[in-house]
Structures are given as structure tokens and as C-alpha cells.
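A.B. asks: My questions concern the predicted model and sequence given below.
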Amino acid sequence: MKRKIVTTADGSSTIQLVDWDEQYHSMHGAIQEARHVFLKTGLDHWRNENSEKKEIHILEIGFGTGLNALLTAMHLEKIDLNIHYKGVEAYPVAPEEIAQLNYITQLERPDYTVFFQQMHDCPWSEKSTLSGHFYLYKLKEHFQDLQEENNTQDLIYFDAFGAQVQPELWDAVIFKKMYKALKIGGVLVTYSAKGSVRRAMQEVGFTVERSSWPTGKTGNVAGG
């Protein structure tokens, strides 16, 4: 499938799957979307409810370019937390594509250049310590085949390709796995606000709320 690097509205880059007319991030802004959906609505929301906890286990469905992981690691400058981050990706982004992504430049954080490269260079299926408070475990696997232990995750970033191109990743079977993987009080966040996605979440037991972000788009926040 043909792929190319494109620039989103906030100046940050993403990867486009040309045949599907689908991108790894919103064309309204890759960094803007990640910050609002996954940090503000996800990590900050969880932190506000669990301020006494010193560590968090995060599962990302769709590690992709590593943008969500990068921003999450940067967020440690604002919060006192140990992050155990598990990123699942069936089709890892190629090194030559990683080299073209402009997140470090757009964020004006050259001090994270090595960190970002290490995220992509570290081996799959092995836990890597990328900083004193950020631990990464990447798993190369199809989402449907993921066998996650029950009650192990505090927060899930659900960032799969859209339901319009891969509806099988947004049904009740997938969300049942996610529901079981979360600890009591855990949170799942996603950019998708489709009614079918919300109903699939509710079917397996999630309590679902909608969250708006600056461009007027909405996403779903689901609690166990």
C-alpha cells in the first residue's frame, strides 16, 4: 500500500495511506490531536482521579509513529509518575519514514532527539528503560491477536485506524479485551466518536462520555 509523509494543519507531520485516504493522525493537527485526546482527556484525567499513585500502566493500541509515547514521556516534566508504556503495532513504521517526521522540530525539543530515536530502535518484545521514569515495551502483533492479562492496565490509548477502513478493530470483541485488561476505575480514550463505536463500548460494560477538542471534533472516553 502506498504511503507518504504529509503535513497536518498544526505543522506536524503524519503518514498517509494513499489507497485508503487514511492518516495516522488527524489532518487538523497530529500534535494537537495527541495532546488533547490522549494527554488531556486520558493521562491528565486519570492523574486527577489517582493523584496519590506513583506509577501508571498504559497500553497503546496503535504505536505507529510513536507520537503519543513521545508526548507522554515529555509530560513527565509536569507530573511525578513512573510510566510503564506498552505499545502494540502490527506494522512498524519504517526507519526512513521515522527520519522524515518533524515532531522534535515542531515541539522545539531537540533534547528529545535521542529519546525519540531510542523509542524506535529499542527491540520488540523486550522491556526497555528509556529514562528513569519511562519504561517501554513494544509488541509487534495484530490487535485482534493480543492476549492481554486481565486487570493490568490503568489507561488505554486506543489509536487504531478508523472504523471506516478497519471496522473489525472497533467492534465489541476488541473492546471486551480492552475492558478486561483495565483495572477497576481504568480509562480508555480514543479519537473516534462514531455511534457504533460508542455502542460497542457500552455493550461490553464501559461507561462512555464524549469529549470535544479545539477543532470541534469529538472523541470517546470510556471508564471501566
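C.D. replies: Perfect, I can see it now. It should be emphasised that the depicted structure is a prediction, and the values quoted were computed from it without experimental measurement. Numbering: from 1, shown residues only.
A.B. asks: Give me the average confidence score over stretch 159-175.
C.D. replies: Averaged across stretch 159-175, the pLDDT comes to 94.
A.B. asks: How far does it stretch from one end to the other?
C.D. replies: Using C-alpha to C-alpha, to the nearest Å, the end-to-end distance of stretch 159-175 comes to 13 Å.
A.B. asks: next one: stretch 95-109
C.D. replies: End-to-end for stretch 95-109, by C-alpha to C-alpha: 20 Å.
A.B. asks: who touches that stretch?
C.D. replies: 3, 5, 10-13, 15, 30-31, 65-67, 70, 74, 110, 112-113, 116-117, 120 (C-beta atoms under 8 Å, 6 or more residues apart in numbering). Heads up, the C-betas are built off the backbone N, CA and C, glycines and all.
A.B. asks: Just the ones of these in strands?
C.D. replies: 3, 5, 13, 15 (DSSP state E).
A.B. asks: Now the element after the host helix or strand of Met178, going C-ward?
C.D. replies: Here Met178 sits within helix 172-181, counting by DSSP states H and E. Downstream of helix 172-181, the first helix or strand assigned by DSSP H and E is strand 182-190.
A.B. asks: Which neighbouring elements make contact with that next one?
C.D. replies: Strand 182-190 sits against helix 45-49, strand 153-158, helix 172-181, strand 218-223, with contacts defined as 3 or more C-beta pairs under 8 Å, 6 or more residues apart in numbering; DSSP states H and E.
A.B. asks: Out of those, which one sits most buried?
C.D. replies: strand 153-158 (a mean of 25; mean count of other C-beta atoms under 10 Å).
A.B. asks: Direction included, what does that strand pair against?
C.D. replies: strand 55-61 (parallel), strand 182-190 (parallel) (DSSP bridges).
A.B. asks: Residue ranges in this structure under the pLDDT threshold?
C.D. replies: 212-224 (pLDDT under 70).
A.B. asks: Residue most distant from the centroid, it?
C.D. replies: Glu52 (23.7 Å; C-alpha atoms, centre = their mean).
A.B. asks: Leu43 versus that one, what's the distance?
C.D. replies: According to C-beta to C-beta, to the nearest Å, Glu52 and Leu43 sit 16 Å apart.
A.B. asks: For the helix holding Met178, name the packing helices and strands.
C.D. replies: Packed next to helix 172-181, using 3+ C-beta pairs under 8 Å, 6+ apart, are strand 153-158, strand 182-190, helix 195-204.
A.B. asks: Right, I'll call it a day here.
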